[in-house]
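Q: Let me see the structure of the following:
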Amino acid sequence: MSESEEIIFDCSDCEQDKPFACDGCLVNFVINNDKRPKVVFSAEENRVLGLLQGVGLLPEARYQKKAG
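A: Residues are numbered from 1 along each chain as shown. Below is the predicted model:
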């Protein structure tokens with residue numbers, strides 16, 4: 001991944017079992033149910049999120065893009 005790549009999580013493209021998987025998902029934690037179905041993280045933000053997740057301070061992203 002290059003330094004300029006963005007990471008895009010779009011809930012409308014997620015194939016997880018909703019709303020069950022959403023409750024413990026990082027994306028849901030960040031958008032806090034405010035009707036924004038998409039969140040974009042820069043490569044640097046994604047790296048920091050990974051560090052925070054690694055020490056248990058943030059939930060994991062459960063996002064899985066739908067095939068096709």
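Q: The longest helix seen in the chain packs against which elements?
A: Scanning the chain for the longest helix, with DSSP state H as the assignment, gives helix 43-54. In terms of contacts (3 or more CB pairs under 8 Å, 6 or more residues apart in numbering; DSSP states H and E), helix 43-54 is packed against strand 6-10. In short, each C-beta sits where N, CA and C put it, glycine included.
Q: how close does residue 62 sit to residue 23?
A: Distance of residue 62 to residue 23, given as CB to CB, to the nearest Å: 9 Å.
Q: who's more crowded, those two?
A: Taking other CB atoms under 10 Å, residue 62 and residue 23 do not tie; residue 62 has more neighbours (18 against 11).
Q: so what's the backbone phi/psi at the residue nearest to the more buried one when sequence neighbours are not counted?
A: In this structure, residue 62 finds its nearest non-sequential neighbour in residue 25, 4.1 Å apart by CB to CB, 6 or more residues apart in numbering. Dihedral pair for residue 25: phi -90, psi 140, per degrees, to the nearest 10.
Q: Could you report the neighbour count for residue 25?
A: Neighbour count of residue 25, defined by other CB under 10 Å: 22.
Q: Which residues are in contact with it?
A: Neighbouring residues of residue 25 by CB atoms under 8 Å, 6 or more residues apart in numbering: 16, 59-63.
Q: Against residue 47, how distant is it?
A: 19 Å.
Q: what's the helix or strand bottoming out on mean pLDDT in the chain in contact with?
A: When each helix and strand of the chain is scored by mean pLDDT, DSSP states H and E, helix 26-31 comes last, with a mean of 75. Outside helix 26-31, the residues that touch it by CB under 8 Å, 6+ apart are 9, 11, 22, 37, 39, 49, 53, 58-63.
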